[in-house]
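> sequence? don't have it. structure:
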Ligand code: SAM
Ligand code: SF4
């Protein structure tokens, strides 16, 4: 990674019809996962899990080619996600190869933390410094209920290992009424006790087997009221590079300070400033998490598409990026699977 540059090349190719510059690519490396979170992994009627065959995933060579072209067009930030990105075989070598790409300023990773205790040091060596770790509960029993696996202690150990290595850590908490709402205050306290930014995400209706319903959804404004019982919340200015989160400092009566963020895709959507393009694990370019329109990059690649044609499809997908989503009005959600799109 070229850490000196930290700039987006302005080739003009990445500006959409609403003047948003698309500089941030999110890659879903796999739709497989070692957890089965109730709100994310789809189970079909026969009880099996619908996952892609290995050959349906883009190979690392294909992914590297796309990333290089995207960086050449001006993208400078990449997030690896999934499914669980760390379960894909060869991922560490892939990250090392990504880190050699000139002009790619930053590679970030979103993980459930299950494999962090063994992979954190390698990730650090490969140049990653920022981790988003998903954790919806601090209670081992409840962790098992939400994720289907009894792995809280392992995840916690992974988080601590990563913190000791010096990673910047953000904890992502999906806020679900009746599931983990009695722990939001504990998470806020954690944010002042440890150097982790805790970000609460509004529960979204995604995937055709989504467990979302209105009664389990709560807005960030409701959440903020709860967190306000722990201390004083003050908005931190100039945090645009933190992505969609509105970030606040939280100061307790005893003077302890931490940071909490609220990601509100439904109640305060951030479409006006969205700078993202997604590549799903099925090899589809997707301009909006919450719009099901996708462009088939994998077929173009495998039918011998030239670099110019690939750049053209990226450009067209950006031009087709919708102005915003309409979830708040429709309350219907989209059918795309979160584990395939990558969040
Ligand atoms: N497996 C990794 C993880 O869990 O961090 C990366 C992929 S996961 C799909 C990315 C993020 O999406 C996680 O923070 C997860 O909590 C969030 N997520 C998944 N389904 C969601 C939903 N229906 N509403 C809100 N957030 C969701
Ligand atoms: Fe796996 Fe992440 Fe989905 Fe949970 S949210 S099932 S950890 S991909």
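Okay, I see it. The structure displayed is predicted, hence computed values, not measured ones. Ligands and ions are numbered 1, 2, ... in the order given.
> give me the neighbour count for the closest residue to ligand 1 within the chain.
Using Cβ to the nearest ligand atom, residue 343 is the residue of the chain that sits closest to ligand 1, at 2.8 Å. No exception for glycine: its C-beta is placed from N, CA and C like everyone else's. Residue 343: 21 surrounding residues under other Cβ atoms under 10 Å.
> so what's residue 321 closest to, chain neighbours aside?
residue 287 (3.8 Å; Cβ to Cβ, 6 or more residues apart in numbering).
> actually residue 84, not the one I typed
Using Cβ to Cβ, 6+ apart, the nearest residue to residue 84 is residue 33, at 4.2 Å.
> ligand 2 versus the one you found, what's the distance?
3 Å (Cβ to the nearest ligand atom, to the nearest Å).
> can I assume that residue sits in a strand?
No - going by DSSP: H, G, I helix; E, B strand; the rest coil, the assignment for residue 33 is coil, not a strand.
> quick check: it touching residue 339?
Yes - under the criterion of Cβ atoms under 8 Å, residue 33 makes contact with residue 339 at 5.9 Å.
> quick check on the two: which one has the bigger neighbour count.
A side-by-side neighbour count of residue 33 and residue 339, using other Cβ under 10 Å, places residue 339 first with 30 against 22.
> correct me, but that one touches residue 39?
No - judged on Cβ under 8 Å, residue 339 makes no contact with residue 39 at a distance of 10.6 Å.
> same for the host helix or strand of residue 110, what does it pack against?
Using DSSP states H and E, the element containing residue 110 is strand 106-111. Using 3 or more Cβ pairs under 8 Å, 6 or more residues apart in numbering; DSSP states H and E, the elements in contact with strand 106-111 are strand 77-81, helix 91-99, strand 130-134.
> kindly recompute the last result at 6 Å.
When contacts are defined as 3 or more Cβ pairs under 6 Å, 6 or more residues apart in numbering; DSSP states H and E, strand 106-111 sits against strand 77-81, strand 130-134.
> per-residue confidence at residue 247?
We have a pLDDT of 94 for residue 247.
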